[in-house]
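Undergrad: What shape does this take:
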Amino acid sequence: MTVPPHAEHGVEDLCDAGTQLYERALAEGRIRAEDAAQAPCLLDLGLLSPALDDPGRLEPVPPALALHRLLRTSANRVADEREREVRLARTFEPLLRGAGHPDGPVESPIRMLVGTVRINQAITEAMAEATRELLCVQPSVHRGAARMERARAISHLRDQALLDRGGRIRTLYQHTQRHVPSVIAHHEHLTGDSEARTLDEITDRIIIVDREVAFVPGDKESATALEVRVPALVTYFATTFDRLWRLATPMYPEAVAPPALNGVTHRQRAIAALLVEGHTDAVIAERLGMNVRTAREHIAKLSATLGSESRAQLGYLIGRSGILDQGR
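TA: Numbering: from 1, shown residues only. Okay, here's the model as predicted:
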């Protein structure tokens, strides 16, 4: 009997025949090599391999091993693409700044900045010309101690110079930064009009100088940044900041503790809101700027407070308790 042509597909779109045969191979331990003719994709994708003691039989690669290998391959591919993005940015940045204009180079309203040194240099140059205001969104970041110390030193000098010229500084952090000594110390060592507030969830890092230029991330690793001087975009960023600022809880110069309602803390209400949306512990931790272990501790306390015995029941009890409405 002639086997019909097998449509090409990736492992993430495993066909029905391949899925059924792979499940059978896992259940039986081995299958005959000729049985794979109906799903040749399993051999092509590395989910079946010849038995060492019997080439006429095929053994399934354990799903955990196959998944690990495929995820590692995917991660390497993503890393390669990100490295390619950085190389492209380095190649085209000077061309974008000066190419093709009859009167010479023209300053682009949006520039790609590559590397920490270049990003800090551009921010320093913009801050040196600032006279009115600095708006910052600073999410929770995890860097080495030496790198953090250098960043704090550079930031302190720039900030104090603006304050000395009569400008003001407004900074938004995540709630997880409220008690970080280095964050508090940064503001305490500044002299002038400097305020800080916190929110459970904030945007990625944004720096807005005099509402004329904004710096936003160019990638998730902060290896690149965009310097934006398009008035409509800068106004949009500043308006977003203003709205978040009004919703935020004061942290400096006078800290205000978010109130607990019915035994549920402000942090637990934030977690509850994400739980009812169906997010995993890892996603909740990432969005609220905490580690997964801390997120799970808060979830356990929330479950105990509401009397929940399961994850599904917890979502129901959160909705019935009204704690999300009370926190608004």
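Undergrad: what's the average pLDDT for stretch 191-206?
TA: Per-residue pLDDT over stretch 191-206 has a mean of 89.
Undergrad: now it, how far from the centre of its chain.
TA: Computed by C-alpha atoms, centre = their mean, to the nearest Å, the chain-centroid distance of stretch 191-206 equals 18 Å.
Undergrad: Stretch 230-239 now?
TA: Here stretch 230-239 is found 22 Å from its chain centre; the criterion is C-alpha atoms, centre = their mean.
Undergrad: got the CA coordinates for that stretch in CSV?
TA: Extracted in CSV, the C-alpha atoms of stretch 230-239 (Å, rounded to 0.1, in the frame of the first residue of the first chain):
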residue,chain,number,x,y,z
VAL,A,230,9.3,63.2,18.3
PRO,A,231,7.1,65.7,20.2
ALA,A,232,3.9,63.6,19.9
LEU,A,233,5.7,60.5,21.3
VAL,A,234,7.4,62.3,24.1
THR,A,235,4.1,63.9,25.1
TYR,A,236,2.4,60.5,25.1
PHE,A,237,5.1,59.1,27.4
ALA,A,238,4.9,62.1,29.7
THR,A,239,1.1,61.8,29.9
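Undergrad: And the residue lying closest to C41 once chain neighbours are set aside, how close does it get to F92?
TA: Among residues not flanking C41 along the chain, G18 sits closest, at 4.8 Å (C-beta to C-beta, 6 or more residues apart in numbering). Quick note: C-beta positions are derived from backbone N, CA and C, even for glycine. Counting by C-beta to C-beta, to the nearest Å, the gap from G18 to F92 is 42 Å.
Undergrad: same deal with L21?
TA: Distance from L21 to F92, by C-beta to C-beta: 48 Å.
Undergrad: Looking at those two, which is more packed in?
TA: L21 (22 against 12; other C-beta atoms under 10 Å).
Undergrad: Now do the SS call for the more buried one.
TA: Classification of L21 using DSSP: H, G, I helix; E, B strand; the rest coil returns helix.
Undergrad: Unless I'm misreading it, it sits right up against P40, doesn't it?
TA: No. With contact defined as C-beta atoms under 8 Å, L21 and P40 do not form a contacting pair (10.1 Å).
Undergrad: Could you give the number of residues near T124?
TA: When neighbours are defined as other C-beta under 10 Å, T124 has 14 of them.
Undergrad: cool, I318 as well?
TA: Neighbours around I318, by other C-beta under 10 Å: 23.
Undergrad: Just the element for the residue nearest to it when sequence neighbours are not counted, please.
TA: In space, and not counting its chain neighbours, I318 is closest to A272: 4.7 Å by C-beta to C-beta, 6+ apart. Assigned by DSSP states H and E, A272 belongs to helix 266-276.
Undergrad: so what does that helix touch, helix or strand wise?
TA: On a contact count with 3 or more C-beta pairs under 8 Å, 6 or more residues apart in numbering; DSSP states H and E, helix 266-276 meets helix 281-288, helix 292-306, helix 311-321, helix 323-326.
Undergrad: Great, nothing more from me.
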